[in-house]
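sequence first, predicted coordinates after that:
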Amino acid sequence: MAAQVVLEPHSNTQAFTCMCDGGGGGGGGPALLRHDGDGDDLVLAARTKLTRFNITNNKYFVCPANNKHTTRDIKFSQDNSFVSLASKTEVEFIETTKGMPFAVYQVEKKAEIVGIYWVSRDQALVIATRYLVLLQVGRGKKVIRLKNQSMSTPVTWYICQHGMLIVCCGDSQLFLFVLKSNTALRKARFELEQQQPQPKLYRSDFTICELYGDMYLVHVIAVACKLVLYRIPLPDKQRPECVLLTEGAGGTCPTGGVTPTSAGKMVLQTYDNLIIIHNTVTKVSTIVDIKSSTPSPILPPHPLSFNYLPEAAAAAYGASWQYLSPNYVVDTAKGICWTVTVQLEPLPVGLTVGLPEDAPDPTPAVVEMLQRRALPAAKGIIIEIVAQCISQGRPLKVLCDVFDTINRVLYDYTTNPPTPQSQQPYSKAIGCSGAGVGPTARTVDGLVVVDQGDMFTHVLNFADEHKYEADRMISIYIEYIKSLNFCRIEPEQFIYARLVSLIVSHRQFYQLQQLAQYFVIADSNPLAIQLASLGAVFPPTTQLALDMFNRLGLHDRVLELLLAHAQLLPALRLIRSCPQLCSMAPPARFLDAALASGDRVLYHTVYKFFESPPAGSALRPVSQLPECERFTTQFAAWFGVPPARVPSPDVARSGSAPAVAPTPPLSPKATHLQIDLRRSSSTNLPAALPPR
């Protein structure tokens, strides 16, 4: 099952049902149901009362009235002080506290009223067929005409939301008006997409919606089975411009190949910056994201799902349904108000269900879509998608694209961390993004962040516990590290440590050697220690650890590792090159190791070295150290004479350990000591990953 468009009964649907039934002294039932305001209010007009119901806060306001005319439109003022009822030729203004009309506005001859919109608490805009007029309710309940805008072509219908009025003149012209209190109306003409022949424009084919902070006019072209989005300018701009988003910019979105018939229609709603397209003929709903990398819908169409009252599914997409902006559906026959939401929890299971074999995998696009969602469960679903890609054996190319999509957002988050103020709009929407995945971090743009800790704990480490194929898991770790490097993110140490442990547990030591040589595994002290501990199992890892310690400049670690492997001559060269290490090199430890080897030449070399310590060191001659008296006695026993206080011969000329080449002392500017025990140095190897 893929993502679902879900209908849930409104929290105060019982009160709404009573309103639709005309309860509380109505009589005659509702005569008119209208959508009032900017997406929050419903207005029901009966013979004896008018009711305004706010969907957001579940509050409703009742005004007594004596409605004797056929009402075309009804709107409450913003503070519920007045209500206006529009018939064919006049607008009646009623004071809500008394329920009696106090003023009537008559339209001019040969003009008819199309609708009303309250610009402010005391100013109402009347849309007539030949002109627009702005009225103000002044002192003494007098209606005063403020502004007048004549129209050369008769107005057939209008849309008004968020202080923006769009009127259709004739059959093919759209104009935008920006409404402000006590100011002139400004207009701009929409440059509609050219079609042959130019179709007639209907009110049901247009919707104003807010997506990602911008206002859009969305045109549903049912015949061509696509959407065209026009970006509406902000009201404070001097010259409003209507920009057509072309298909290349991701603005023209096919509706999933659902071809409506002449008897049906397609209705648009929005939820969490997603466009929901309801097809009333095929009775399916499609989800479209305008910021997706592909203009087509990410997921195939599905029928509406009812979490409650499943018996209502039989009446889905019925003629009694009214679709209200942004995401409400009113069933006027049953008196039920539904809230339209998008349920993403079953998304990971159905990503590839029903896809043709040659169809591109939608997983990267779905992850990208989920990163833009304000839903609390978005982060948990992303993690679950990646985990299922591993468990289902999806191609590494798909996983690589998913990793890149996740890590690009992580890079933006690390380079430009958000402030608490920038995250405030999401404070109510986020919290725990799923069971056990922790709080959701977001970028400045509000994108969901999945960091390396989330990926390791809930995806990579979890997959290791299921004992998937070793070669595949190693490849997945390497792809994740390559993606981090590609996005200029330093991989965390626990990623490297887990990769090395995984390789060692499956005894793929030569692959480990290659990864270290080609710097796929970055240098670090813990990783070098881990490599050094593997020397007994795979001896080349000792040299890898020495090289890594050397590149990190940890000469004390190099000295310890050399002594642990009885490499006395390289250790003495290191001390001669770095006199500061003398304090960490007790002579007794060196002499014990030389004595245990049974090599008298080596013993002579080590003894002579500490008898004449390097210049600048704090060491005393070994013959003057009480704890080394037994070594002095052993030297006299083997070589027949007491040691003389003479400079020791150069360690490189002693003739011992012929496999080790002499190394010149480091210059004062050097930062690394080149040491190589069993193979050539890796300094000539590539210093970066091969290009992606």
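Received it, and whenever you're ready, just let me know what you need.

what about residue 614, how many neighbours?
18 (other C-beta atoms under 10 Å). Heads up, the C-betas are built off the backbone N, CA and C, glycines and all.

oh sorry, the question was meant for residue 393
9.

how close does it get to residue 455?
19 Å (C-beta to C-beta, to the nearest Å).

right, and residue 112 touches residue 89 too?
Yes - judged on C-beta atoms under 8 Å, residue 112 makes contact with residue 89 at a distance of 6.7 Å.

now residue 483: which helix or strand?
helix 470-486 (DSSP states H and E).

cool, and residue 91?
Under the criterion DSSP H and E, the helix or strand holding residue 91 is strand 90-95.

any idea which helix or strand in this protein has the lowest mean pLDDT?
strand 253-254 (a mean of 44; mean pLDDT, DSSP states H and E).

other SSEs contacting the helix or strand following it?
Per DSSP H and E, the first helix or strand lying C-terminal to strand 253-254 is strand 266-271. Counting contacts by 3 or more C-beta pairs under 8 Å, 6 or more residues apart in numbering; DSSP states H and E, strand 266-271 is packed against strand 206-211, strand 214-221, strand 274-279, strand 336-343.

in strand 266-271, which residues are buried?
266-271 (16 or more other C-beta atoms under 10 Å).

could you verify that residue 444 is part of a helix?
No - under the criterion used here (DSSP: H, G, I helix; E, B strand; the rest coil), residue 444 is coil, not part of a helix.

tell me the secondary structure for the residue nearest to residue 458 when sequence neighbours are not counted?
What sits nearest to residue 458 in space, not counting adjacent residues and going by C-beta to C-beta, 6 or more residues apart in numbering, is residue 383, at 4.8 Å. Judged by three-state DSSP, the three-state class of residue 383 is helix.

next, count neighbours for residue 383.
23.

these two touch, right, it and residue 460?
No - contact between residue 383 and residue 460 fails when scored by C-beta under 8 Å: they sit 10.8 Å apart.

can I get the helices and strands packed on strand 266-271 in JSON lines with mean neighbour count and mean pLDDT?
Output for these, formatted as JSON lines (neighbours: other C-beta atoms under 10 Å; pLDDT from 0 to 100):
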{"stretch": "strand 206-211", "mean neighbour count": "20", "mean pLDDT": "86"}
{"stretch": "strand 214-221", "mean neighbour count": "19", "mean pLDDT": "84"}
{"stretch": "strand 274-279", "mean neighbour count": "23", "mean pLDDT": "87"}
{"stretch": "strand 336-343", "mean neighbour count": "20", "mean pLDDT": "84"}
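
of the ones you listed, which is nearest residue 407?
Proximity to residue 407 (C-beta to C-beta) singles out strand 274-279 among those, at 24.2 Å.

can you list the strands that the closest one pairs with?
Using DSSP bridges, strand 274-279 pairs in its sheet with strand 266-271 (antiparallel), strand 284-288 (antiparallel).

which stretches of the stretch 501-650 of the chain aren't confidently modelled?
For the stretch 501-650 of the chain, the stretches with pLDDT under 70 are 616, 618, 641-650.

how about the helices in it?
509-517, 525-532, 540-552, 555-564, 568-577, 587-597, 600-611, 629-639 (DSSP state H, counting those that start in this stretch).

which parts of the last one are buried?
By neighbour count, and taking 16+ other C-beta under 10 Å as the criterion, the buried residues in helix 629-639 are 631-632, 634-635.

do the second one as well
Across helix 525-532, burial judged by 16+ other C-beta under 10 Å covers 527-532.

redo those as JSON lines? Include distance to residue 440.
Output for the buried residues of helix 525-532, formatted as JSON lines (distance: C-beta to C-beta, whole Å):
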{"residue": "527", "distance to residue 440": "31"}
{"residue": "528", "distance to residue 440": "36"}
{"residue": "529", "distance to residue 440": "35"}
{"residue": "530", "distance to residue 440": "33"}
{"residue": "531", "distance to residue 440": "37"}
{"residue": "532", "distance to residue 440": "40"}
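
could you export the helices of the stretch 501-650 of the chain to a markdown table, including columns for distance to residue 163?
Listed next are those as a markdown table, based on distance: least, C-beta to C-beta, whole Å:
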| stretch | distance to residue 163 |
| --- | --- |
| helix 509-517 | 60 |
| helix 525-532 | 60 |
| helix 540-552 | 62 |
| helix 555-564 | 68 |
| helix 568-577 | 76 |
| helix 587-597 | 83 |
| helix 600-611 | 88 |
| helix 629-639 | 94 |
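
would you tell me which of those helices gets closest to residue 119?
Using C-beta to C-beta, those put helix 525-532 closest to residue 119, at 66.3 Å.

for the closest one, list the C-alpha coordinates in PDB.
Presented in PDB, the C-alpha positions along helix 525-532 are these (Å, rounded to 0.1, in the frame of the first residue of the first chain):
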ATOM      1  CA  ASN A 525      44.000   7.600  15.900                       C
ATOM      2  CA  PRO A 526      41.200   5.100  16.900                       C
ATOM      3  CA  LEU A 527      41.300   3.600  13.500                       C
ATOM      4  CA  ALA A 528      45.100   3.200  13.600                       C
ATOM      5  CA  ILE A 529      44.800   1.500  17.000                       C
ATOM      6  CA  GLN A 530      42.200  -0.800  15.500                       C
ATOM      7  CA  LEU A 531      44.500  -1.700  12.600                       C
ATOM      8  CA  ALA A 532      47.500  -2.200  15.000                       C
END
